[in-house]
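Q: Pasting the sequence and the predicted coordinates here, then a few questions.
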Amino acid sequence: MQVRELLTDDDAVSPVIGVILMVAITVILAAVIAAFVLDLGDTDEAAPTVNFEFDYDQDASELTVIHGQGDNFDADEVSLAGVNIEDGSDGFDGTSLDELSEFDSGDEVSAGDRFTLDFDDGESPDEYELDIVFEGPDGDSSDIIGSDTGPDA
């Protein structure tokens, strides 16, 4: 074989490689489009960013929680986790906001909305802890979006 013949030869594998590359690109593109169309991506809902204000009235044995500012959220996606440290009762644990008289299931909680918690025992505890917990729609994840402790906790 002569060098001159090798340089002028037009036969090569480039058409085969070109076809293989085109098929590979088409398959990858179809997979990416299918993932977006079928919503196979990450579907976790991020926890809202909320600034709660807490007003504890020891005489009335009530804690008023005010959505001061931040993101809106559905009342049924948020629950309470609380404990009266003095007697160990956990009267608010697992209570969803839509179970309170101020909200119904599906209500959106936005800035300025408030709810009031009455302590069960009728006596205002000096020590309590309360967490406001956001649970995403999938139920697999939860984040504390607000918390408060009693005056002496």
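A: Happy to help now that I have it.
Q: low-scoring stretches of this structure, by residue?
A: Applying pLDDT under 70 to the chain flags the ranges 1-13, 40-45, 84-93, 119-126, 137-140, 152-153.
Q: For it, which segments are assigned as strands?
A: Along the chain, counting by DSSP state E, strands occupy 50-57, 62-70, 73-74, 78-84, 95-96, 108-109, 114-118, 128-135, 142-149.
Q: Now do the first one: which elements does it pack against?
A: Packed against strand 50-57, as judged by 3 or more Cβ pairs under 8 Å, 6 or more residues apart in numbering; DSSP states H and E, are the following elements: strand 62-70, strand 128-135, strand 142-149. Any C-beta I mention is one placed from the backbone N, CA and C, and that applies to glycine too.
Q: ok so, going back, for Ser14, find the nearest of the strands of the chain.
A: Of all these, strand 142-149 sits nearest to Ser14, with 54.7 Å by Cβ to Cβ.
Q: that older thread, which stretch among the strands of the chain comes nearest Leu21?
A: With Cβ to Cβ as the measure, strand 142-149 is the member of those nearest Leu21 (45.0 Å).
Q: what's the angle from that closest one to strand 128-135?
A: With axes from the mean of the first three to the mean of the last three Cα atoms, to 10 degrees defining the directions, strand 142-149 sits at 160 degrees from strand 128-135.
Q: neighbouring strands for strand 142-149, and are they parallel or not?
A: According to DSSP bridges, strand 142-149 forms sheet pairs with strand 128-135 (antiparallel).
Q: picking that back up, pick the most deeply packed of the helices and strands packed on strand 50-57.
A: Neighbour counts (mean count of other Cβ atoms under 10 Å) averaged over each of the helices and strands packed on strand 50-57 peak at strand 128-135, with a mean of 20.
Q: From what I see, Gln58 and Pro151 are in contact.
A: Yes. Counting by Cβ atoms under 8 Å, Gln58 touches Pro151, with 7.4 Å between them.
Q: All set now, cheers.
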